[in-house]
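Visitor: fold the following and give me the result.
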Amino acid sequence: MAKQIMFTTAVFAIFVQLASSCCGPAQWEGYEGVFAGVQVNGTGGEGKGLLNISVDANINKVAIKGYSMWNGQRVKQHLLNDYSAGKSYTAYDGKCSTADLPPYPSPGKLNCVPSDAKLVLSTYYGAGDNKYEIDVYEFMVDGKKMELSVNKGSCVPVGEHQQLTNGFADVGFMGITEGIKDPSVFDIPPECNNARTVSPVSKNLIYVHYV
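Guide: Residues are numbered from 1 along each chain as shown. This next block holds a predicted model:
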């Protein structure tokens, strides 16, 4: 089961009309820490990971690479969502799955909060000189509730909590910097050129959504 479960990110599987009132940098990269609890075929399990994430709203691409632990087993993974080509590539442990992506409704807006999101809380982390303000938005994705926290003003992602079909996932974003250091991060995963391709993506994969 471990080889069939990986953390990806949504960035990106959310197909709603986007607003321009809260948008982060067009290009950014950093890390995401993920923790999830799920049930697969009636068996409970947990997974966690620290992954590299790169987002380029100018070319409509998102890449996530790294390792996660599922029930104590280490899983290598690499996700590329290419909205310009309408394709998603998911590589894990030498296997590749591909899927079609519907046309993105608002090109160049991968970094924005959905227009139908509801601002449910304005609060802050830290104290004194180390305090910074955040806004928490709530919206629905495929009939499931998503809570997204962003830095107030800059709209840089801070964290999210989402319901999954078979559980839940929590994501924290860290070390975010503006720009993309190495554009080759958006190349198609090499496993998708060499390994057997399976489509659609396995229903057991965990998709962690972020807008």
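Visitor: tell me which helix or strand of the chain sits lowest on mean pLDDT?
Guide: Counting by mean pLDDT, DSSP states H and E, the weakest-scoring helix or strand in the chain turns out to be strand 197-198, with a mean of 51.
Visitor: quick one: the helices in the chain?
Guide: 191-194 (DSSP state H).
Visitor: give me the low-pLDDT residue ranges for it?
Guide: By pLDDT under 70, the weakly predicted segments of the chain are 1-20, 102-108, 142, 194-211.
Visitor: touching, Thr165 and Val141? I think so.
Guide: No - here Thr165 lies out of contact with Val141, judged by CB atoms under 8 Å, at a distance of 11.0 Å. Placement of C-beta: from N, CA and C, glycine included.
Visitor: give me the more crowded residue out of the two.
Guide: The residue with the greater number of neighbours, taking Thr165 and Val141 and applying other CB atoms under 10 Å, is Val141; the counts read 18 against 12.
Visitor: the more buried one against Leu164, yeah?
Guide: No - at 10.1 Å, Val141 and Leu164 do not qualify as touching, with contact defined as CB under 8 Å.
Visitor: how much space between the nearest residue to Gly30 once chain neighbours are set aside and Lys87?
Guide: By the measure of CB to CB, 6 or more residues apart in numbering, the closest residue to Gly30 outside its immediate chain neighbours is Ile176, 3.6 Å from it. Using CB to CB, to the nearest Å, one gets 26 Å for the distance from Ile176 to Lys87.
Visitor: ok, those two, which is more surrounded?
Guide: Between Ile176 and Lys87, Ile176 has the larger neighbour count (other CB under 10 Å), namely 19 against 15.
Visitor: list the contacts of the residue nearest to Gly30.
Guide: 28-30, 156-157 (CB atoms under 8 Å, 6 or more residues apart in numbering).
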